[in-house]
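In: The following comprises the amino acid sequence and a computationally predicted model.
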Amino acid sequence: MGLRYLAPSKVRFIPALMALFLPYCALAETFDPNMLWGGMKLDDLSRFELDNPPPVGEWLVDVFLNGRSLGKHLIKFDSMANRREVAPCFSHAQVKLLELEEELIPKGLLAAIGSGSACVKVQDFFPESQVTFDYATQSLELNVPQIYLRSLPLDYIAPQSYDHGISAARLNYALSSYHSKGGDYSSNYYYAGIDSTLNYEGWRLRHLGNYSSGGTVTGKYHSLRTYMQRDVFDSTGQLTIGQNFSDGSLFESYAFDGFLLNFDPRSLPASQLYFSPVIEGVAESNAQVIVSQGGVVIHSQTVPPGPFSLSDISGYRVGQDLDIEIIEADGSKHGFSIPVNSSATLLRPGQFRYASSFGRVNSQGYNTEYTPFVGQFTGTYGLSNTLTAYAGALLSEDYGAFGLGASVSTSLGAFTGEVTMASN
């Protein structure tokens with residue numbers, strides 16, 4: 001049978017007919033429940049009027065986040081308030097699975113998720129998000145703007161994977177003796193050094209000491225340092241109790257007996273230890289973001305529509321601008337540049353490092369008997385790509401000091417300045 005063509009008069013008539021009935025074609029379809037009988041009869045068929053949603057209940061589905069597979073997960077699907085829409089409900093544990101920035105989720109909504117008292121859609125977190133369920137493949141596709149996702153570096157290790165290690169004891173020692181003789185003179189010198197460790201249930205007991213005698217040295221055991229230590233705050237901080245040294249980033253460091261609570265930089269991935277600018281922008285579609293320096297591409301990443309933030313940038317050189325180019329899905333391009341300079345005190349935006357201590361000054365090794373109680377706090381925070389601020393305070397029985405400083409990165413270089421005020 002050959003192809004059939006409509007006459008020109010009939011072709012002109014069809015658009016007029018479509019324009020007349022098109023508003024009605026967009027209406028939702030309705031189903032007459034009287035057409036169903038027996039066990040197939042349902043009281044409410046309205047949820048089928050707009051789409052073909054999955055049945056209410058828990059379903060084992062393949063979850064994809066911005067095209068990246070998160071594996072199979074048991075997701076609960078529940079009717080929304082209008083009973084015409086079925087949406088996936090996410091528990092608090094599943095929100096963590098999605099690697100969302102919980103700081104950007106309204107606290108009331110986050111509390112509802114934690115209590116399990118509400119079925120919360122991804123769109124309730126962030127309106128720009130999209131959720132698509134493919135009934136045939138049993139897959140759930142979530143598209144969330146990149147800025148709302150935690151930006152995890154490639155060498156990131158989740159705190160849940162950390163291990164305190166086994167309970168064990170260790171003893172290192174060093175022994176030496178020295179004998180010299182010449183004519184009517186002879187002398188002997190003896191030394192014993194100890195480095196001992198006891199680990200138990202996350203606590204680490206350390207002791208360093210030595211004994212020496214002979215010659216002009218009177219035989220005596222010296223306890224150089226004894227302290228207990230454990231990780232706190234998901235292993236990002238350390239609590240140390242015993243003989244320690246204060247933080248020396250703003251004030252002069254001193255030995256003391258007491259406690260020290262400080263940020264442990266070893267908790268950061270190696271790629272996050274040093275300053276690097278955070279690149280922020282907005283993509284109008286599924287776009288490719290290309291970061292280059294001096295014409296050499298150092299980073300490339302695909303981002304979904306919406307705002308994005310890239311913090312895992314490495315391989316750049318200090319002193320030369322980063323060029324950012326955003327290539328949209330339709331081929332259009334736009335971009336900007338960021339100056340890159342660094343100093344010892346510059347931190348990545350959002351990073352915070354702190355040290356807090358209190359105790360009695362340890363005068364061992366100093367020719368003084370003055371041992372006052374001293375409290376000290378210092379903190380450093382990365383405000384932006386170009387500004388890091390830091391401050392600290394030191395208080396003792398008859399002395400006080402306060403310091404304030406900042407590091408600024410400009411196209412001419414990085415500059416640091418600080419002011420310290422003290423009274424006694």
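Out: On my side now, so go ahead. Since the model is a prediction, treat every value here as computed from it, not as a measurement.

In: Sketch out the low-pLDDT regions of the stretch 51-200 of the chain for me.
Out: When residues are selected by pLDDT under 70, those of the stretch 51-200 of the chain lie in 51-54, 80-84, 96, 102, 104-120, 123.

In: need the strands for it, in chain order.
Out: 57-65, 68-79, 86-89, 130-134, 139-143, 168-182, 185-200 (DSSP state E, counting those that start in this stretch).

In: between those, which gets nearest to Gly248?
Out: Closest to Gly248 of these, according to Cβ to Cβ: strand 185-200, at 23.5 Å. Glycine gets a C-beta too; all of them are placed from N, C-alpha and C.

In: close enough to count as contact, Thr345 and Val408?
Out: No - using Cβ atoms under 8 Å, Thr345 makes no contact with Val408, being 10.2 Å away.

In: Now do the shared contacts for these two.
Out: Here Thr345 and Val408 share the contacting residues Thr416, scored by Cβ atoms under 8 Å, 6 or more residues apart in numbering.

In: Those two: which has the busier surroundings?
Out: Between Thr345 and Val408, Thr345 has the larger neighbour count (other Cβ atoms under 10 Å), namely 20 against 17.

In: for the strands of the stretch 51-200 of the chain, which one ends up most surrounded?
Out: strand 86-89 (a mean of 20; mean count of other Cβ atoms under 10 Å).

In: For it, name the packing helices and strands.
Out: Contact here means 3 or more Cβ pairs under 8 Å, 6 or more residues apart in numbering; DSSP states H and E; on that basis strand 86-89 packs against strand 68-79, strand 130-134.

In: Recalculate using a threshold of 10 Å.
Out: With contacts defined as 3 or more Cβ pairs under 10 Å, 6 or more residues apart in numbering; DSSP states H and E, strand 86-89 has these neighbours: strand 57-65, strand 68-79, helix 122-125, strand 130-134.

In: Distance to Ala255 for the ones you listed - can I get that in CSV?
Out: Listed next are those as CSV, based on distance: least, Cβ to Cβ, whole Å:
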stretch, distance to Ala255
strand 57-65, 50
strand 68-79, 50
helix 122-125, 49
strand 130-134, 58
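
In: how close does the closest residue to Gln301 other than its chain neighbours sit to Gly331?
Out: Leaving aside its chain neighbours, Gln301 sits nearest to Val289 (5.3 Å; criterion: Cβ to Cβ, 6 or more residues apart in numbering). Distance from Val289 to Gly331, counting by Cβ to Cβ, to the nearest Å: 15 Å.

In: Neighbour count: those two, which is higher?
Out: Applying other Cβ under 10 Å to Val289 and Gly331 shows that Val289 carries more neighbours, namely 20 against 6.

In: Parallel or antiparallel, list what pairs with the strand or helix carrying the more buried one.
Out: Val289 is part of strand 287-293, with elements assigned from DSSP states H and E. Looking at strand 287-293 with DSSP bridges, its partner strands are strand 296-303 (antiparallel), strand 322-327 (antiparallel).

In: Identify the residues contacting the last one?
Out: The set of residues that contact strand 322-327 without belonging to it, under Cβ atoms under 10 Å, 6 or more residues apart in numbering, is 276-277, 279-285, 287-300, 302-303, 308, 310, 313, 316, 332-340, 385.

In: which of those residues are buried?
Out: The neighbour-count criterion (16 or more other Cβ atoms under 10 Å) marks 276-277, 279-281, 283, 287, 289-293, 298-299, 303, 308, 310, 313, 316, 338-340, 385 among those as buried.

In: My guess is the residue nearest to Gln301 contacts Leu310. True?
Out: Yes - using Cβ atoms under 10 Å, Val289 is in contact with Leu310, at 6.7 Å.

In: what residues are shared contacts of these two?
Out: With Cβ under 10 Å, 6+ apart as the test, Val289 and Leu310 both reach 146, 279, 281, 299, 301, 303, 324.

In: Wait, the fourth one touches Pro277, no?
Out: Pointing back at His299 there. No - counting by Cβ under 10 Å, His299 stays clear of Pro277, with 11.4 Å between them.

In: hey, what's in contact with both of the two?
Out: Listed contacts common to His299 and Pro277 are 291, 310, 313, 316, 322; contacts here mean Cβ under 10 Å, 6+ apart.

In: need the residues you listed in JSON lines with distance to Ala401, can you?
Out: Converted to JSON lines, these look like this (distance: Cβ to Cβ, whole Å):
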{"residue": "Val291", "distance to Ala401": "42"}
{"residue": "Leu310", "distance to Ala401": "39"}
{"residue": "Ile313", "distance to Ala401": "37"}
{"residue": "Tyr316", "distance to Ala401": "37"}
{"residue": "Leu322", "distance to Ala401": "39"}
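
In: Show me which of those is closest to Gly67.
Out: Using Cβ to Cβ, Leu310 is the member of these that lies nearest Gly67, at 16.9 Å.

In: In TSV, list the strands paired with strand 287-293 along with distance to Asn66 and mean pLDDT.
Out: What follows is these, written out as TSV (distance: least, Cβ to Cβ, whole Å; pLDDT from 0 to 100):
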stretch	distance to Asn66	mean pLDDT
strand 296-303	8	89
strand 322-327	16	94
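
In: Need these in CSV (columns: distance to Ala168).
Out: CSV is the format used below for the strands paired with strand 287-293 (distance: least, Cβ to Cβ, whole Å):
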stretch, distance to Ala168
strand 296-303, 42
strand 322-327, 47
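
In: of all those strands, which lies closest to Gly413?
Out: In terms of Cβ to Cβ, the element of these nearest to Gly413 is strand 322-327, at 16.0 Å.

In: tell me the SS of the closest residue to Glu369 other than its chain neighbours?
Out: Nearest non-adjacent residue to Glu369, counting by Cβ to Cβ, 6+ apart: Ser363, 6.5 Å away. Look at Ser363: counting by DSSP: H, G, I helix; E, B strand; the rest coil, its state is coil.
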